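Trainee: make a model of this:
(one chain, ligands or ions: 1)
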Amino acid sequence: MEIRMKAAVHLEDGKMVRPVIAGNWKMNKTVAEAVDFVSRLVKALTPRPEPEVIIAPPFTAIQAVAELLQGSPVRLAAQNLHEAEKGAYTGEISGAMIREAGCTHVIIGHSERRTLFGEQDERIHRKLVAALAAGLKPIFCIGETLQEREEGRMKNVIERQIKEGLNNLTADDIRRTLVAYEPVWAIGTGRTATPVQAEEVHRFIREWIAGRYGNEAAAEMAILYGGSVTPKNIAELMSQPDINGALVGGASLDVGSFVQLVAYQSIEGV
Ligand code: 13P
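Mentor: Numbers count the residues shown, from 1 in each chain. Reported below is the predicted structural model:
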C-alpha cells in the first residue's frame with residue numbers, strides 16, 4: 001500500500017495537499033489587539049502566500065476580524081462549538097453562528113478542551129458532525145499525554161481518538177476534515193516532538209485513514225502538527241513526508257513570528 005507523499009506534491013490526478021499554517025490564539029487578544037494583528041498580517045502577507053493561512057481568534061474578535069479579512073486569502077477558525085443547533089445552552093455557540101460570523105473552520109477536540117473541560121471522544125464526534133452540518137471544516141485535534149507515551153500506549157490512544165472521533169463519518173465528510181496531531185506533552189512546554197517522532201504518528205494517522213477511507217482520501221488529508229512550533233523548528237517539521245501543516249499556539253500571537261511561520265519555505269536550510 002503506497003500512500004506516502006511529500007507535502008504539496010502533486011498526486012497522480014493533479015490534486016495536492018496545500019500546506020496549512022494555522023494560529024490558535026486560545027484565550028488571548030482583545031478585539032482591539034486582534035484588529036491590530038490582522039491589519040498588520042494582511043499587509044505582510046501580500047502577495048498571496050503559498051500555504052493556506054488560518055487564524056483562530058477568541059469568539060469575541062471573530063466578526064471584527066472577518067470584516068478586515070474580506071477579500072484576503074486568510075481563513076478564520078473558531079476554537080470550539082456546541083453540538084446542538086440552538087437552544088438552552090447558556091454560554092455556548094453553535095456552528096451556524098460561527099459560520100455566519102465569518103468562519104470557514106473550527107477547532108474541535110483540542111487537548112485543553114479534553115482535559116480542562118472534560119470533552120470526551122463521543123462528544124467530540126458530535127461536535128464534528130455539527131461542524132460539518134453547518135458547512136464548517138473541522139480541525140480535529142488528537143494527541144497522547146506524556147504518561148500514555150511512556151507507558152507505550154501512544155498508538156492505542158491515537159487510534160481510539162481517531163476511531164471514536166470520526167466514528168461513522170462519510171468519505172465526503174473526511175474530505176472536508178483536517179487532523180491536527182498535538183502531543184499533549186509538547187503543548188506550551190517548549191518541548192517539541194522531534195520531526196521523526198511527529199512523522200511516525202502522522203504516518204500512523206494517514207495509514208489509519210487509508211485503511212478506513214482509501215488511499216486517495218488519506219493522501220488528500222491535511223495532517224497538521226501542533227506543540228511548541230516556532231519559526232526555528234517549523235521548516236524541519238514541514239519537511240517530513242506526512243506533515244502537511246502546523247497548528248501553532250504561542251508563536252502565532254506575535255505577527256512577526258506568525259509571518260515567519262507562514263514563510264517557512266524561505267527559511268535557510270530547507
Ligand atoms: P503551542 O504552540 O503554544 O505549544 O500550542 C500548541 C497548540 O495547542 C495549538 O493548538
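Trainee: so for stretch 249-262, mean pLDDT?
Mentor: For stretch 249-262, mean pLDDT is 97.
Trainee: just the terminal-to-terminal distance for that stretch.
Mentor: One end of stretch 249-262 sits 14 Å from the other (Cα to Cα, to the nearest Å).
Trainee: and M27, what does it touch?
Mentor: Taking Cβ atoms under 8 Å, 6 or more residues apart in numbering, we find M27 in contact with P58. Heads up, the C-betas are built off the backbone N, CA and C, glycines and all.
Trainee: what ranges does the stretch 151-270 of the chain have for its strands?
Mentor: Applying DSSP state E, counting those that start in this stretch to the stretch 151-270 of the chain gives strands spanning 178-181, 223-226, 245-248.
Trainee: with mean neighbour count and distance to A32 added, can I get those in a markdown table?
Mentor: Shown next, in a markdown table, are those (neighbours: other Cβ atoms under 10 Å; distance: least, Cβ to Cβ, whole Å):
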| stretch | mean neighbour count | distance to A32 |
| --- | --- | --- |
| strand 178-181 | 26 | 29 |
| strand 223-226 | 27 | 27 |
| strand 245-248 | 27 | 22 |
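Trainee: redo those strands as a markdown table? Include distance to R18.
Mentor: Listed next are the strands of the stretch 151-270 of the chain as a markdown table, based on distance: least, Cβ to Cβ, whole Å:
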| stretch | distance to R18 |
| --- | --- |
| strand 178-181 | 11 |
| strand 223-226 | 12 |
| strand 245-248 | 9 |
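Trainee: could you dump these to a markdown table with distance to the ligand?
Mentor: Output for the strands of the stretch 151-270 of the chain, formatted as a markdown table (distance: least, Cβ to the nearest ligand atom, whole Å):
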| stretch | distance to the ligand |
| --- | --- |
| strand 178-181 | 7 |
| strand 223-226 | 4 |
| strand 245-248 | 5 |
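Trainee: quick one: closest of these to A130.
Mentor: strand 178-181 (16.3 Å; Cβ to Cβ).
Trainee: pull the contacting residues for the closest residue to E92 other than its chain neighbours.
Mentor: Nearest residue to E92, sequence neighbours excluded (Cβ to Cβ, 6 or more residues apart in numbering): H82, at 3.7 Å. For H82, the contacting residues are Y89, E92, I93, S94, K127, A130, by Cβ under 8 Å, 6+ apart.
Trainee: which among the residues you listed end up buried?
Mentor: Among those, those classed as buried by 16 or more other Cβ atoms under 10 Å are I93, S94, K127, A130.
Trainee: which of those residues lies closest to S257?
Mentor: I93 (28.2 Å).
Trainee: how near is the closest one to the ligand?
Mentor: If you measure I93 against the ligand using Cβ to the nearest ligand atom, to the nearest Å, the figure is 18 Å.
Trainee: G214 too?
Mentor: 28 Å.
Trainee: for that residue, which non-adjacent residue is spatially closest?
Mentor: A171 (7.2 Å).
Trainee: identify the residues contacting that neighbour.
Mentor: Y213, G214, A217.
Trainee: where does it land on pLDDT?
Mentor: Reading off the model, A171 has pLDDT 94.
Trainee: kind regards, and thank you for your time.
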